[in-house]
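Participant: Starting from these lines, generate the structure:
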Amino acid sequence: MTFNVTVQPSGHQFSCDEDESVLAAALRAGVGLPYGCKNGACGSCRGKLLEGTMEHGPHQVKALSAADEERGFALFCCARPKSDVVIEVREVAGAGEFPIKKMPTRVAKLDRVADDVIVMSLQLPANERLQYKAGQYLEFLLKDGKRRSYSMANAPHLDEHLTLHIRHMPGGLFTDHVFNAMKEREILRIEGPLGTFFLREDSDKPIILLASGTGFAPIKAIIEHAAHQGSQRPMVLYWGGRRPKDLYMHALCEEWARTLPNFRYVPVISNAQPEDGWSGRDGFVHQAVMADIPDMAGYQVYACGAPVMVDAAKRDFVSACKLPDEEFYADAFTSEADLANPA
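Facilitator: Modelled structure (predicted):
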């Protein structure tokens with residue numbers, strides 16, 4: 001059976017099969033609902049059910065609690081309609097601008113930039129190009145049917161290769177292979193571009209960029225894109241790690257701070273050891289932002305990294321720093337461990 005979905009306030013409509021998620025149907029119809037992980041973990045696709053009935057599949061409690069569901073909230077990546085429905089969600093302009101493709105890629109280079117981080121460069125087939133917005137991600141299509149998501153770490157105009165920042169998750173099937181067995185020239189299959197984490201260019205508000213660990217990857221692409229576009233918007237990057245070595249492209253960020261107008265860089269370390277010789281900012285990275293910018297009413301925030309950091313930043317920025325809820329854009333890096341603990 002097929003049901004009709006109406007999106008408010010835009011009035012857009014699309015059909016959705018009863019065994020299909022609302023998000024999957026929207027993507028198929030080219031309707032730009034916000035989303036991130038597509039697995040009920042990050043909460044990016046959350047909205048309200050105004051009319052009709054839905055049934056949710058497994059999902060994280062932090063993304064949608066039972067109380068939230070009773071109040072009419074829904075996660076469209078794992079919600080399936082049981083009738084015609086009317087939903088309320090803020091659509092993302094430009095989300096469906098580029099077609100989602102599946103294609104083979106060849107591993108062109110593996111560059112270990114930290115003990116637990118590899119920069120992987122991917123070569124696309126001849127005469128093929130993956131068009132995407134800086135900040136979006138792709139998925140590797142593994143032979144067992146599973147998928148692994150990684151953000152493109154280079155801006156779209158730098159399209160000789162796609163680059164990804166891969167952090168080793170010990171025991172992780174894919175990253176164990178990347179760090180222990182993968183060779184250059186290996187063939188992988190990808191699908192992309194995916195996600196709605198990208199720069200909103202219809203605003204002139206100053207930008208706070210917030211990253212932890214390899215959450216730096218899509219932030220790096222956004223900075224490169226803004227520089228290429230000649231953006232005059234003030235931008236400040238706060239990049240957090242446990243130890244200084246976790247900021248694996250620290251020198252590049254310092255170079256941007258020297259050469260890009262209106263750009264500042266604030267590295268923050270939470271667990272420096274005496275042998276690190278760290279004399280910079282310490283503590284939690286989102287709290288460093290709050291200390292420097294206590295009033296965020298006129299800002300946009302783009303946050304990427306561990307879910308605990310992203311969740312804390314959104315909560316505290318909105319509640320304590322006057323950041324408008326709709327000006328917080330995020331991509332929480334959910335792992336298989338996160339997805340293995342549904343509600």
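Participant: Low-confidence bits of the stretch 51-200 of the chain, can you list those?
Facilitator: Along the stretch 51-200 of the chain, segments meeting pLDDT under 70 span 159.
Participant: what sits against the nearest residue to Arg167 once chain neighbours are set aside?
Facilitator: The shortest distance from Arg167 to any non-neighbouring residue, by C-beta to C-beta, 6 or more residues apart in numbering, is to Thr214 (4.6 Å). All C-beta spots, glycine's among them, are computed from the backbone N, C-alpha and C. Applying C-beta atoms under 8 Å, 6 or more residues apart in numbering to Thr214 gives the contacts 117, 165-167, 305, 333.
Participant: Then Gln123?
Facilitator: Contact partners of Gln123, counting by C-beta under 8 Å, 6+ apart, are 105-108, 161.
Participant: and which of those residues is nearest to Glu191?
Facilitator: Here the nearest of the contacts of Gln123 to Glu191, counting by C-beta to C-beta, is Thr105; it sits at 10.7 Å.
Participant: Tell me the secondary structure at that closest one.
Facilitator: Three-state assignment for Thr105 (DSSP: H, G, I helix; E, B strand; the rest coil): strand.
Participant: Can you tell me who it pairs with across the strands?
Facilitator: In this structure, Thr105 bridges to Leu188 when assessed by DSSP bridges.
Participant: Let's see which of the contacts of Thr214 end up in strands.
Facilitator: 117, 165-167, 305 (DSSP state E).
Participant: Neighbour-wise, which one of those residues leads?
Facilitator: Using other C-beta atoms under 10 Å as the neighbour criterion, Gly305 leads the ones in strands among the contacts of Thr214 with 27 neighbours.
Participant: quick one: that one and Pro218 touch, right?
Facilitator: No - the criterion here is C-beta atoms under 8 Å, and Gly305 misses it with Pro218 at 9.9 Å.
Participant: All the helices of this structure, residue numbers only.
Facilitator: Assignment of helices within the chain using DSSP state H yields the ranges 22-29, 66-70, 173-180, 216-228, 250-259, 285-292, 307-320, 336-339.
Participant: Return the distance of the fourth one from the chain's centre.
Facilitator: Offset of helix 216-228 from its chain centre (C-alpha atoms, centre = their mean, to the nearest Å): 13 Å.
Participant: quick one, what contacts Phe174?
Facilitator: 140, 142, 148.
Participant: Over to Tyr265?
Facilitator: By C-beta under 8 Å, 6+ apart, the residues touching Tyr265 are 236-237, 239, 253-254, 256-257.
Participant: and which of the residues you listed is nearest Leu209?
Facilitator: Distances from Leu209 to the contacts of Tyr265, taken by C-beta to C-beta, are shortest for Leu237, at 4.4 Å.
Participant: that older thread, for Glu184, state which of the contacts of Tyr265 is nearest.
Facilitator: For those, the nearest to Glu184 is Cys253 (27.3 Å; C-beta to C-beta).
Participant: Burial check on that closest one, number of neighbours?
Facilitator: Considering only other C-beta under 10 Å, Cys253 is surrounded by 22 other residues.
Participant: Isn't it up against Trp239?
Facilitator: Yes - in this structure, Cys253 is within contact of Trp239 by C-beta under 8 Å, at 6.6 Å.
Participant: Mutual contacts of the two, please.
Facilitator: Residues touching both Cys253 and Trp239 by C-beta under 8 Å, 6+ apart: 247, 265, 267.
Participant: Sitting in strands, which of those do you find?
Facilitator: 265, 267.
Participant: So which bits of stretch 233-246 are buried?
Facilitator: Neighbour-count burial for stretch 233-246, counted by 16 or more other C-beta atoms under 10 Å, picks out 233, 235-241, 244, 246.
Participant: for the stretch 201-343 of the chain, which spans come out with low pLDDT?
Facilitator: Across the stretch 201-343 of the chain, residues meeting the criterion (pLDDT under 70) sit at 334-343.
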